[in-house]
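1. Coordinates for the following, if possible.
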Amino acid sequence: MNAGQESARLVVGATEVARYVVDPALDARHGPRPYLHPVRTLGGTVVTDALPADHVWHLGASLAVPDVNGSNLWGGRTYVRDVGYTWRADHGRIAHTGWSQRSADRLAHRLEWRDPQGAVLLTENRRLGAVSVDGHVPAWRLDVDYTLRAPDGQDVRLGSPTTNGRPDRAGYGGFFWRAVSAEPASVFGPSTTGEEAVNGSAEPWVALVGTGPDGRAYTLVFSGLGDGDRWFTRTAMYPGVGVAFAFERPATIAAGTTRRGRHAVVVADGALDAGTAAALAAGASIRRPDGATTS
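-> Numbers count the residues shown, from 1 in each chain. You can find the predicted model right below:
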């Protein structure tokens, strides 16, 4: 982490489980935005990657979209219909504008999604929570809750490489977790197994099993798709799981309205089976970062 970058911690018990980089000093082409890295299991295994050589703009666990009314807030090249990936001067940033809560296990702040000229595309309220998980495996849960608001008088279109013409189900953009794995990772849901089957699905939960830099296995269990969302998964090229807002078709936030997302990620030591992952997902599905429950 570069000097001068503001960061915050998330702690479970006496264990720091995540560092939140709030205002990263990054090249605009990397899609500057707040991100979680490193994220660790309770046993200390690192389960995120940031600025990896294969996709430098992948920043741990973050919220980013490659096409927000034509601005690239994901980083990297932009997919252009009938042309392919192209470097363009279209990179915006997602900027922290103020804290509303900051404690050991709860973070809440306000953000602006800005185009390359600094104009505000969306405003956001985001909350993050870290809580321990009861059970037979060492685990904790990250709760992510955010509300995106479109400005009065302007619809905001969210797109992906797929909606812009890429043909191979690369509909990424939304809440994305770039994992790290010393060995090939695996991914599965309650009724599907493997990258090809899980990618683009609407499974109620998805688990990724990887191996940390310390050689120890870990499991991430994701839940919380919204209406119209799909899972974006990768294991062959790199390990990652995302909640994709516009996997097959654009999503629109109408002028003056909001889009809310609520996701949970259980971070567990060890390689879990489908039954254990399902139980952890079921326990996480009704939680919110403020500790309240929802139906």
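2. Ala277: how many residues sit nearby?
-> The local packing of Ala277 (other C-beta atoms under 10 Å) involves 25 other residues. Glycine gets a C-beta too; all of them are placed from N, C-alpha and C.
3. got the contact list for the helix or strand that contains it?
-> Applying DSSP states H and E as the criterion places Ala277 in helix 274-284. Residues outside helix 274-284 that contact it (C-beta atoms under 8 Å, 6 or more residues apart in numbering) are 133, 135-137, 139, 141, 143, 188, 190, 204-205, 207, 219, 221-223, 264, 266, 268, 272.
4. Which pLDDT value goes with Glu6?
-> Glu6 carries a pLDDT score of 81 in this model.
5. Report the spatially nearest residue to it, omitting neighbours in sequence.
-> Val22 (4.4 Å; C-beta to C-beta, 6 or more residues apart in numbering).
6. for that neighbour, what are its contacts?
-> Val22 neighbours (C-beta under 8 Å, 6+ apart): 5-8, 34, 96, 109.
7. Out of these, who's the most crowded?
-> Pro34 (25 neighbours).
8. Could I have the CA atoms of the helix holding Ala277 written out in CSV?
-> Taking C-alpha atoms only, helix 274-284 is exported to CSV below (Å, rounded to 0.1, in the frame of the first residue of the first chain):
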residue,chain,number,x,y,z
ALA,A,274,-21.2,-28.7,-0.7
GLY,A,275,-23.2,-29.6,2.4
THR,A,276,-21.2,-27.4,4.7
ALA,A,277,-21.2,-24.6,2.2
ALA,A,278,-24.9,-24.8,1.8
ALA,A,279,-25.4,-24.5,5.6
LEU,A,280,-23.1,-21.5,5.8
ALA,A,281,-24.9,-19.8,2.9
ALA,A,282,-28.3,-20.4,4.6
GLY,A,283,-27.1,-18.8,7.8
ALA,A,284,-25.8,-15.8,5.9
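9. Now go through the contacts of Val22 and say which are in strands.
-> 7-8, 96, 109 (DSSP state E).
10. now, which of these sits nearest Thr235?
-> Ser7 (29.2 Å; C-beta to C-beta).
11. how close does the closest residue to that closest one other than its chain neighbours sit to Arg110?
-> Closest residue to Ser7 apart from its sequence neighbours, by C-beta to C-beta, 6+ apart: Val21 at 5.0 Å. Using C-beta to C-beta, to the nearest Å, one obtains 17 Å as the distance from Val21 to Arg110.
12. before we move on, what about Ala268?
-> Applying C-beta to C-beta to Ala268 and Arg110 gives a distance of 31 Å.
13. Could you do Gly43 as well?
-> Gly43 is 34 Å from Arg110, by C-beta to C-beta.
14. related to what we said a few turns ago, out of the contacts of Val22, which is nearest to Pro184?
-> Using C-beta to C-beta, the contacts of Val22 come closest to Pro184 at Pro34, 29.5 Å.
15. show me the contacts for that closest one.
-> Contacts of Pro34 (C-beta under 8 Å, 6+ apart): 20-24, 62, 94, 96, 109, 111, 126.
16. How about Phe232?
-> By C-beta under 8 Å, 6+ apart, the neighbours of Phe232 are 170-174, 176, 199-200, 240-244, 247.
17. Dump those residues into a markdown table; add secondary structure, distance to Leu122 and pLDDT as well.
-> What follows is the contacts of Phe232, written out as a markdown table (DSSP: H, G, I helix; E, B strand; the rest coil; distance: C-beta to C-beta, whole Å; pLDDT from 0 to 100):
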| residue | secondary structure | distance to Leu122 | pLDDT |
| --- | --- | --- | --- |
| Ala170 | coil | 23 | 97 |
| Gly171 | coil | 19 | 98 |
| Tyr172 | coil | 18 | 98 |
| Gly173 | coil | 13 | 98 |
| Gly174 | strand | 13 | 98 |
| Phe176 | strand | 17 | 98 |
| Asn199 | coil | 26 | 98 |
| Gly200 | coil | 25 | 98 |
| Gly240 | strand | 23 | 98 |
| Val241 | strand | 23 | 98 |
| Gly242 | strand | 18 | 98 |
| Val243 | strand | 17 | 98 |
| Ala244 | strand | 17 | 98 |
| Phe247 | coil | 19 | 98 |
